[in-house]
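Undergrad: coords below, sequence missing:
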Ligand SMILES: NC(=O)C1=CN([C@@H]2O[C@H](COP(=O)(O)OP(=O)(O)OC[C@H]3O[C@@H](n4cnc5c(N)ncnc54)[C@H](OP(=O)(O)O)[C@@H]3O)[C@@H](O)[C@H]2O)C=CC1
Ligand SMILES: N[C@@H](CC=O)C(=O)O
Ligand code: NA
């Protein structure tokens with residue numbers, strides 16, 4: 001056969017000899033061939049035009065994408081039919097709009113806008129039924145088969161919903177065409193439901209036929225709305241194209257081959273740049289209507305995307321994208337910009353609101369990206385699920401973070417089959433899981449110790465009873481004989497899964513995960529790491545599930561340390577600390593990724609609580625006035641620690657209160673870190689102190705108290721450093737009181753003692769009650785703290801103290817009264833000063849920890865004017881460590897040892913130390 005000249009490029013031609021043209025071509029062609037004319041007598045062009053016209057007739061219209069050319073010889077006409085095929089690939093994008101997106105008239109309009117406003121490429125649009133319609137349709141079936149007559153009124157409601165939507169959106173011929181189709185469908189459905197009502201039963205295909213109508217109507221309405229706006233647009237009943245085969249597990253597998261063939265056929269008859277198709281519904285090979293089951297419309301979009309080899313598929317929904325964790329559980333969860341197909345797969349398995357895993361399958365082989373976007377927030381770019389190779393450089397870096405998201409599955413139980421008889425016995429695992437399958441339980445995670453002594457797996461809590469019974473009965477012989485020691489059930493468990501590309505093969509990921517859990521005081525019951533490398537799964541107690549999720553999320557994914565803080569005692573030091581936190585917050589966040597959120601501030605009378613993103617430190621004082629409530633320590637701790645989204649809690653005690661200090665042990669036990677400048681706990685009863693230390697060392701909670709000695713000066717840390725590196729402390733001697741240092745540095749040149757004390761108090765050096773300083777008790781507490789730190793087991797009462805408070809003022813009612821009375825006693829101190837001065841000496845109030853002799857002392861001493869202690873000025877502390885290494889020349893730390901700024905700075909430093917212990921970058 002001679003082929004015609006083919007004037008078209010890059011199109012597919014079928015060539016026919018006119019004698020062998022298939023029906024309907026041949027019949028039309030031959031029938032209409034004018035018998036009066038001989039083909040050869042026609043000029044070529046005329047014949048061609050004629051053949052062209054004739055061959056188009058079978059379609060009854062002009063298919064613009066079908067062109068025919070023919071060459072005519074004396075004996076035959078060679079016809080080439082250009083079957084302009086479905087243009088595939090780059091030029092198409094697939095969009096899927098879920099039920100909420102087309103939930104009412106204005107939303108349908110909005111969808112039309114989205115489609116129309118972007119004419120950059122051809123669009124294949126899959127729509128679900130209007131929201132709630134599928135449920136309404138299932139309800140019709142349910143009512144009819146349970147012989148409830150209200151199916152008739154329920155059907156009327158379906159009719160009303162669609163007819164009123166159509167009236168809102170359409171007019172003229174479009175409206176009447178749609179309404180007539182709608183009425184026709186409704187009357188067919190009525191007949192069908194009546195049959196179901198009579199039979200009291202609906203077959204699966206009847207059901208599928210009925211429920212699929214929601215999509216038929218929404219697709220028709222949307223296509224008419226778009227057409228009304230002047231866009232050429234076709235609607236597709238996907239049952240004419242999508243062919244699926246049912247599987248045993250009540251799912252369906254797409255028949256791509258057949259679907260593609262049907263799609264091309266459909267398209268050649270309905271060519272258009274915008275196609276609106278029904279989601280959810282399909283046909284079997286036998287042409288019986290069926291559905292794609294759960295999440296069917298997403299699946300429809302993915303299959304169509306694969307058939308078109310679309311550039312991308314956009315799933316329009318009502319969330320901004322895929323979150324790094326369930327945002328209802330983790331307030332800091334963020335929208336992921338990208339996810340690999342496998343990551344999306346894993347996330348959805350673990351219950352994240354991503355896509356059903358089967359939705360991803362059709363697109364993987366073509367590497368078609370799926371974008372999840374929020375129709376109600378077009379400014380959000382959404383989450384792209386794609387092959388890692390197509391992610392841009394910036395995102396690729398994020399990809400390298402390895403861990404993408406976290407999810408939990410609750411209400412599980414662990415089953416642990418254990419015993420020596422399992423090792424090396426082939427078939428044990430298979431027997432276990434065959435039995436589990438027989439009772440219909442779903443195994444969610446399996447872990448077998450390499451010693452083969454135990455197989456442990458997780459099943460839904462509601463299935464565990466049956467599993468336990470079947471295993472007990474299966475293995476009762478082995479249990480009786482002792483080959484198996486137990487079939488144990490651990491109820492109330494949850495699974496926490498970390499998902500990320502290559503995560504499982506990257507050094508340090510597991511360690512960080514477990515470290516985050518340990519630091520949040522969470523016990524791990526079982527572990528499984530999929531060989532797929534996309535997932536690490538741990539089993540934790542149900543009640544720890546959210547805490548575990550938050551701990552790993554904040555530690556890992558966000559790589560920032562978020563700490564919930566409660567500040568107790570917003571007095572001089574506490575409020576200065578709050579101001580410092582306020583001023584430094586942005587820098588900490590930007591440079592160290594540390595986020596400190598003050599969730600509560602409590603004084604002795606009022607407290608201010610926040611349970612969201614933390615108290616605004618710019619106006620906490622006003623907020624306390626406005627919203628402050630009666631102080632209640634229990635409620636305060638519960639609010640700060642029980643906060644929903646932050647895994648780590650620290651309570652900062654800025655009081656001088658013994659009762660508050662007596663709670664530390666309880667807080668540490670609860671996993672709350674404690675930081676304080678309050679000396680009461682460490683200088684209180686020895687047994688309580690020792691208990692606190694043991695408790696703290698045994699847990700993963702931290703207790704820091706640098707500011708208890710020398711305020712912001714590094715005294716405790718220096719001592720710790722010496723001890724931990726193996727030095728031995730011989731003596732610690734120093735000026736430990738900022739107040740007394742200030743007093744004796746300024747009590748000269750004829751000044752009055754009481755006047756200088758008042759200055760120290762005004763400067764914020766003194767304790768809330770200055771008698772604590774003047775009595776030497778404050779220094780004695782510091783001596784005890786350092787003595788105990790050095791290993792001495794001393795009580796406060798073991799330290800002899802020289803008390804500078806006049807006897808008669810020791811019992812005066814208040815600090816104020818004491819200050820008023822003090823001037824009466826100036827003479828006594830002035831005489832001591834004169835004595836010292838006349839011997840060319842200075843007075844210094846010192847404390848000594850004599851480690852070699854296990855004792856301490858606090859007293860007012862006289863020093864020669866060239867002694868280092870004589871050189872101090874202002875509120876300086878000077879602490880000299882004499883050690884085995886620093887024997888001839890002591891290690892000296894000197895600087896201001898009291899005052900609001902330096903003390904708050906010392907506490908702040910402890911907070912940052914905690915953050916770095918919890919994983920903040922250093
Ligand atoms: N000043 C300094 O240079 C240094 C001080 N420190 C220590 O810092 C701590 C605070 O000192 P400072 O700020 O000067 O003292 P303040 O008296 O100024 O503040 C004490 C705060 O504690 C609150 N408070 C007291 N009892 C309770 C309670 N039972 N429950 C809740 N809140 C309570 C008070 O609340 P309210 O006002 O409502 O009564 C007040 O806000 C002390 O332990 C001190 O030893 C440590 C090193 C240096
Ligand atoms: N009142 C104390 C404050 C620091 O602990 C002092 O004066 O040193
Ligand atoms: Na200090």
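TA: Looks like it came in fine. Quantities reported herein were computed from a predicted structural model and do not represent experimental measurements. Ligands and ions are numbered 1, 2, ... in the order given.
Undergrad: excluding chain neighbours, what is closest to residue 383?
TA: Distances taken as CB to CB, 6 or more residues apart in numbering put residue 321 closest to residue 383, at 3.4 Å, once the chain neighbours are dropped. Any C-beta I mention is one placed from the backbone N, CA and C, and that applies to glycine too.
Undergrad: need phi/psi at that neighbour.
TA: Note on residue 321: backbone dihedrals following degrees, to the nearest 10 are phi 150, psi -160.
Undergrad: same thing with residue 689?
TA: phi -60, psi -50.
Undergrad: go ahead and confirm it touches residue 788.
TA: Yes: Residue 689 lies in contact with residue 788 (CB atoms under 8 Å); the separation is 6.2 Å.
Undergrad: count of neighbours near the residue nearest to residue 383?
TA: 24 (other CB atoms under 10 Å).
Undergrad: can you give me the strands in the stretch 701-850 of the chain?
TA: 703-704, 729-735, 841-850 (DSSP state E, counting those that start in this stretch).
Undergrad: that should have said the stretch 551-700 of the chain, apologies.
TA: Going by DSSP E, counting those that start in this stretch, the stretch 551-700 of the chain shows strands at 561-568, 594-602, 606-609, 629-630, 648-653, 673-675.
Undergrad: try the stretch 101-250 of the chain
TA: 122-127, 233-236, 244-246.
Undergrad: what is the last one packed up against?
TA: Spelled out, it's strand 244-246. strand 252-254 (3 or more CB pairs under 8 Å, 6 or more residues apart in numbering; DSSP states H and E).
Undergrad: quick check: which of the strands of the stretch 101-250 of the chain is buried the most?
TA: strand 122-127 (a mean of 27; mean count of other CB atoms under 10 Å).
Undergrad: so what are the sheet partners of it and their directions?
TA: Using DSSP bridges, the strands paired with strand 122-127 are strand 92-97 (parallel), strand 274-278 (parallel).
Undergrad: hmm, who's touching it?
TA: 87, 91-97, 101-102, 111, 115, 215, 218-219, 222, 238, 273-279, 297, 300-301, 304-305, 308, 310 (CB atoms under 8 Å, 6 or more residues apart in numbering).
Undergrad: which residue packs closest to the residue in the stretch 801-922 of the chain positioned nearest to ligand 2, ignoring adjacent ones?
TA: Nearest residue of the stretch 801-922 of the chain to ligand 2: residue 898, at 3.8 Å (CB to the nearest ligand atom). Sequence neighbours aside, residue 738 is the residue nearest to residue 898 in space, at 2.3 Å (criterion: CB to CB, 6+ apart).
Undergrad: what residues are up against that neighbour?
TA: Counted by CB under 8 Å, 6+ apart, residue 738 has contacts 711, 760, 765, 875-877, 896-899.
Undergrad: from residue 712, how far out is it?
TA: 11 Å (CB to CB, to the nearest Å).
Undergrad: excluding its backbone neighbours, what's nearest the closest residue to ligand 1 within the stretch 151-300 of the chain?
TA: The minimum distance from the stretch 151-300 of the chain to ligand 1, using CB to the nearest ligand atom, falls at residue 295 (53.7 Å). The shortest distance from residue 295 to any non-neighbouring residue, by CB to CB, 6+ apart, is to residue 356 (4.1 Å).
Undergrad: ok, now which ones touch the one you found?
TA: 294-295, 298-299, 348 are the contacts of residue 356 under CB under 8 Å, 6+ apart.
Undergrad: distance of it relative to residue 347?
TA: From residue 356 to residue 347 the distance is 11 Å (CB to CB).
Undergrad: again, but for residue 382
TA: For residue 382 relative to residue 347 (CB to CB), the value is 15 Å.
Undergrad: quick one: low-confidence parts of the stretch 51-200 of the chain?
TA: 51-90 (pLDDT under 70).
Undergrad: what are the boundaries of the helices in it?
TA: All helices of the stretch 51-200 of the chain, identified by DSSP state H, counting those that start in this stretch, fall at 105-117, 133-145, 151-169, 172-199.
Undergrad: same thing with the stretch 601-750 of the chain?
TA: Under DSSP H, counting those that start in this stretch, the stretch 601-750 of the chain gives helices at 620-627, 633-641, 658-661, 664-669, 680-683, 686-698, 716-724, 738-746.
Undergrad: distance to ligand 2 for those - can I get that in CSV?
TA: Listed next are the helices of the stretch 601-750 of the chain as CSV, based on distance: least, CB to the nearest ligand atom, whole Å:
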stretch, distance to ligand 2
helix 620-627, 24
helix 633-641, 24
helix 658-661, 15
helix 664-669, 18
helix 680-683, 11
helix 686-698, 18
helix 716-724, 12
helix 738-746, 3
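Undergrad: I appreciate the help and will end here.
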